[in-house]
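In: Could you work out the structure for the sequence below:
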Amino acid sequence: MKAEYINPFLESARLVIEQVVNVTPTTGQLDIKDVKFVESYVWIQIGITGQMNGDIVFGLHEQVALRLVSAMMGGFEITQLDEMSQSAISELGNMISGNASTLLYNQGVKIDISPPKVILAANAAGFEPKRALTIPLKIGDIGELDIQVLVT
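Out: Numbering: from 1, shown residues only. Got it, this is the predicted structure:
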């Protein structure tokens, strides 16, 4: 597991979030930890194949997801994780990962990404907890988005 794998996703997340919610996020501390799917969280899982294989998982508390989607919708208050809000949060993960794959391509690393999978229940995650490079991205008063890289 190489720490530089997370940098394109971190850079992309900062750029995309700044563009779609007009907040400049700050970076927390890089760590290696077990990824555990817990309740009351929204998880966006994106598969990666090519010169890197594995998953990128974005995790955020449900309330943070609602505030983030509300900000994406121009401030219109979103109060439940319905189909529309799940689609918006899924697209955020897709935009971050797509941009990161372009950054990686420009560095000579060719990957393909799968469509995002939104996971709302820990038992629906579909894979066992693993060790991952993880870094929180603090999005102003909206909350934190955890970026977790599970690649080889």
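In: Would you map the helices across the protein?
Out: 7-21, 62-72, 83-106 (DSSP state H).
In: The first one - contacts with which helices or strands?
Out: In this case it means helix 7-21. On a contact count with 3 or more C-beta pairs under 8 Å, 6 or more residues apart in numbering; DSSP states H and E, helix 7-21 meets helix 62-72, helix 83-106, strand 131-139, strand 143-151. Every residue, glycine included, has its C-beta placed from N, CA and C.
In: Give me the below-cutoff pLDDT ranges for this structure.
Out: Within the chain, the segments meeting pLDDT under 70 span 1-3, 122-129.
In: So what pairs up with the spatially most central residue of it in the strands?
Out: The centre of the chain sits closest to Phe58, judged by C-alpha atoms, centre = their mean, with a distance of 2.7 Å. As for beta bridges, Phe58 partners with Ile44, Ile147 under DSSP bridges.
In: residue contacts, it?
Out: Ala13, Trp43, Ile44, Ile46, Leu92, Gly93, Ile96, Leu145, Asp146, Ile147, Gln148 (C-beta atoms under 8 Å, 6 or more residues apart in numbering).
In: Likewise for Met73?
Out: Neighbour list for Met73: Ala88 [criterion: C-beta under 8 Å, 6+ apart].
In: What of Thr79?
Out: Leu66 are the contacts of Thr79 under C-beta under 8 Å, 6+ apart.
In: try 10 Å
Out: Neighbour list for Thr79: Leu66, Ser70, Ser85 [criterion: C-beta atoms under 10 Å, 6 or more residues apart in numbering].
In: Neighbour count and distance to Met52 added to the residues you listed, as TSV?
Out: Below are the contacts of Thr79 laid out as TSV (neighbours: other C-beta atoms under 10 Å; distance: C-beta to C-beta, whole Å):
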residue	neighbour count	distance to Met52
Leu66	21	31
Ser70	18	33
Ser85	21	30
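In: which one among these gets closest to Val20?
Out: For these, the minimum distance to Val20 (C-beta to C-beta) is 11.8 Å, reached by Ser70.
In: I'd like to know how far that closest one sits from Asp82.
Out: 13 Å (C-beta to C-beta, to the nearest Å).
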